[in-house]
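Trainee: Let's see this in three dimensions:
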Amino acid sequence: MRFQFVFCFARFLRLKQRLSSRFLLGTLVFFMIAQAFLAFQAPTAMSHAFSASSTSDPTGYTLSSFSNFTQYGQFYVNETFSANSSSTTSLSSLTLGFPSNYTGHILQPMSSASFGTAPRISTSTGTNGTMLVTLSFPSTLAAHTPGKVSLSFWVTGTYSVVPNSDTGTDTNYTVPATFYPSLSTPVDQVSSVLWFPYPNTYVGSTASNYGYADFTNGTAVPEYETWTKTVTDANYTLVSWAKIIMISPDADAGMINFPAVTREISVGTSGALMVTDTITLENLGQDAISSIAVNLLTNATSVTNIPSSIPPLSNVGPATITNGEVSLSGINQEVGPSSAQTIVLQYPLSSAYWSVSNGNYLLNIPGTLPVDGLVNTYSLVFNLPSGFVSTTTGPTTIRLLNVVSGPPATFAFRAGIGSSFDFALPIASIAFIGFFVVALAFKPRKSKPEEKESAIDDMVKSVEDKVSGTNEIVSELRAKSSAVNRLDLSNARTRIDELRSKSASRLANLKTELVDAGPGSQAALNEVGLNDREFDRAIKDLLNSYEQFISRKMKADTFAKVQQSHEHRIQRITNSLLDELQDLRHDYEEEQ
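Mentor: Numbering: from 1, shown residues only. Just a heads-up that it's a prediction; the model follows:
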């Protein structure tokens, strides 16, 4: 524009000797008008996105711009546009502009509005390749009306290695960081915040070079280096961004992708709760990854590494956890450049995440993922073996796409009869339990024997409570394995005696209720009593075998064989007990 003006003005000087003063004045006015017109059009040529320029007049709008960077070459962007009661215009949409580097690299774009459903998201390309994201509001945001609109998404695959920056321990990367996007509507103020993980990854660029103040939060977990600034005089028609330098240790950071992560909560046949975290990672960088930060549901410093390949390339063994990181080199699973690896870690679920009462288990699993990065596919799975009954109404498998966290999950179950001794109930027995519950719920009651039927119901409940409670106690002994001691055994006996006492009391009440019942009901009740006492003797014999093992009167291999024999015996007795309960119900109904 200036070149055009100077060129034209020079021609004017060469002609002025031949022009009249009146024509000279008219020509000068013409050039002044032309210059003013060109100056007015300047913002269109400079803007990446829009023709409108910012204004000094208050608008009643503000923007909060936030970016959260991870140590794995991914970052999260959130933009929140706010209107207050001083807003001057009505809006039905908002367009935000981001660096062209983001095009084709955003995942999980989401929007929200405080005044209706989520705005519709559409994308386009602006001047100089700017990535434009337009939010179409569910309803018009009227002038002088407070409201908020938010846009968030993840950005992947935009880090670039700085040539010749690999020192052998660290690597420098350039990262396209947006300080604030361009906007289709002027705002009064922008508050910009950038979070960088520290000390896993630190920023090589200087915050003050971009007008930011920075500080490190040494009390947070994880720590963050935080850049903050407030802008009130920027040209909001232009996206403000720069390629800043980030420095990452080669061993545990860089450009890493997590295609799939699974957390499986399983219940062993002995009642033990185990977690299996399966993490698949791809190393997109140029250095081997020898450790990875993990979020496990245990405070243990050592977990079990399970080989993920068939045939296994490594043996089952311990994996060391140090400062929240698992050593991949220690389990012979380093991830080389441009390669992938699946790591499987198994460990007992910490007692902080589950509780048990009267044989009813309740698990509260947090939404934290096993890793801190963006995961393409995350699955949370609950597995129950035969003999356990789920009391959860929700799904037992949760699958999420492109997430860094999930919703907290609750899972409840109880031990069914016969589950405590590494055996599953026969199908006929399970079917009987289902039939029995349905019969209790829907069978029409006769008014005369109603109290007797209630007593039978109490007896069935007492048997289930007794066996389920015994399951919990025996499972605790089994979990201690060779470390079980005499105090453990004494406590187990005391608790089992309490369960036996409650059951015996209910059985005595039932006998009183059925004193005038027919001979069939009396005979079935006697068989229930016999099998109940036989169950008690079998449990007593099992505990006596523990006593002999603790006293070193029985070797470990002999103890294992004796345990198996007792468990088979308990299985047989439990099945007989179920049969007799069924006979008792049938005979009583036949006699009414």
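
Trainee: In stretch 66-85, which residues are buried?
Mentor: Buried positions in stretch 66-85, judged by neighbour count with 16 or more other Cβ atoms under 10 Å: 67-77, 79-83. Glycine gets a C-beta too; all of them are placed from N, C-alpha and C.

Trainee: just curious, which of those residues is nearest to Pro119?
Mentor: Nearest to Pro119 out of the buried residues of stretch 66-85 is Phe81 (Cβ to Cβ; 10.3 Å).

Trainee: For the helix or strand where the closest one lies, name the packing helices and strands.
Mentor: In this structure, Phe81 is located in strand 74-83 according to DSSP states H and E. The contact analysis (3 or more Cβ pairs under 8 Å, 6 or more residues apart in numbering; DSSP states H and E) places strand 74-83 against strand 61-69, strand 91-98, strand 147-156, strand 170-180.

Trainee: Any chance of JSON lines for those, columns mean pLDDT and distance to Pro197?
Mentor: Below are the helices and strands packed on strand 74-83 laid out as JSON lines (pLDDT from 0 to 100; distance: least, Cβ to Cβ, whole Å):
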{"stretch": "strand 61-69", "mean pLDDT": "94", "distance to Pro197": "7"}
{"stretch": "strand 91-98", "mean pLDDT": "96", "distance to Pro197": "22"}
{"stretch": "strand 147-156", "mean pLDDT": "94", "distance to Pro197": "15"}
{"stretch": "strand 170-180", "mean pLDDT": "88", "distance to Pro197": "12"}
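
Trainee: Kindly reformat those as TSV containing distance to Ser390.
Mentor: Converted to TSV, the helices and strands packed on strand 74-83 look like this (distance: least, Cβ to Cβ, whole Å):
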stretch	distance to Ser390
strand 61-69	37
strand 91-98	46
strand 147-156	34
strand 170-180	46
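
Trainee: The stretch 101-250 of the chain: strands as residue ranges?
Mentor: 106-113, 120-125, 131-141, 147-156, 160-161, 170-180, 182-183, 189-198, 202-203, 213-217, 223-231, 240-249 (DSSP state E, counting those that start in this stretch).

Trainee: picking that back up, just the angle between the strand holding Phe81 and strand 91-98, please?
Mentor: Here the directions of strand 74-83 and strand 91-98 differ by 150 degrees (axes from the mean of the first three to the mean of the last three Cα atoms, to 10 degrees).

Trainee: related to what we said a few turns ago, out of the strands of the stretch 101-250 of the chain, which is closest to Asn509?
Mentor: Distance to Asn509, taken as Cβ to Cβ, is lowest for strand 106-113 among the strands of the stretch 101-250 of the chain, at 59.1 Å.

Trainee: List the buried residues of that closest one.
Mentor: By neighbour count on 16+ other Cβ under 10 Å, the buried set for strand 106-113 is 106-107, 111, 113.

Trainee: And stretch 332-350, by the same measure?
Mentor: 333-335, 341-349.

Trainee: And those residues, which is closest to Arg506?
Mentor: For these, the minimum distance to Arg506 (Cβ to Cβ) is 33.2 Å, reached by Leu349.

Trainee: quick one: the closest one and Thr276 touch, right?
Mentor: No: if you go by Cβ atoms under 8 Å, Leu349 and Thr276 don't touch, sitting 10.4 Å apart.

Trainee: In terms of secondary structure, what does the longest helix belonging to the chain contact?
Mentor: Ranked by number of residues, the top helix in the chain under DSSP state H is helix 556-591. Helix 556-591 is packed against helix 427-442, helix 450-480, helix 519-550, with contacts defined by 3+ Cβ pairs under 8 Å, 6+ apart.

Trainee: and Thr140, how far is that from Leu577?
Mentor: Distance, Thr140 to Leu577, using Cβ to Cβ, to the nearest Å: 70 Å.

Trainee: Looking at these two now, which is surrounded by more residues?
Mentor: Using other Cβ atoms under 10 Å, the more surrounded residue of Thr140 and Leu577 is Leu577, with 23 against 13.

Trainee: tell me the contacts of that one?
Mentor: By Cβ atoms under 8 Å, 6 or more residues apart in numbering, the residues touching Leu577 are 417, 463, 528, 531-532, 535.

Trainee: Can you list phi and psi of Ser87 for me?
Mentor: phi -60, psi 140 (degrees, to the nearest 10).

Trainee: Check Asn299 too.
Mentor: Torsion angles at Asn299 (phi, psi; degrees, to the nearest 10) stand at phi -100, psi 10.

Trainee: so what pLDDT did Gly469 get?
Mentor: We note a pLDDT of 75 for Gly469 in this prediction.

Trainee: which residues touch it?
Mentor: Counting by Cβ under 8 Å, 6+ apart, Gly469 has contacts 358-359, 495-496, 499.

Trainee: try 7 Å this time
Mentor: 358-359, 499 (Cβ atoms under 7 Å, 6 or more residues apart in numbering).

Trainee: Tell me the one of those nearest Trp154?
Mentor: Closest approach between these and Trp154, by Cβ to Cβ: Gly359, at 43.5 Å.

Trainee: Could you measure from the closest one over to Ser521?
Mentor: With Cβ to Cβ as the criterion, Gly359 and Ser521 are 28 Å apart.

Trainee: likewise Tyr72?
Mentor: Separation of Tyr72 from Ser521 (Cβ to Cβ): 69 Å.

Trainee: What number of neighbouring residues does Ser475 come out with?
Mentor: Using other Cβ under 10 Å, Ser475 is surrounded by 21 other residues.

Trainee: do the same with Asn209
Mentor: Asn209 has 9 neighbouring residues, counting by other Cβ under 10 Å.
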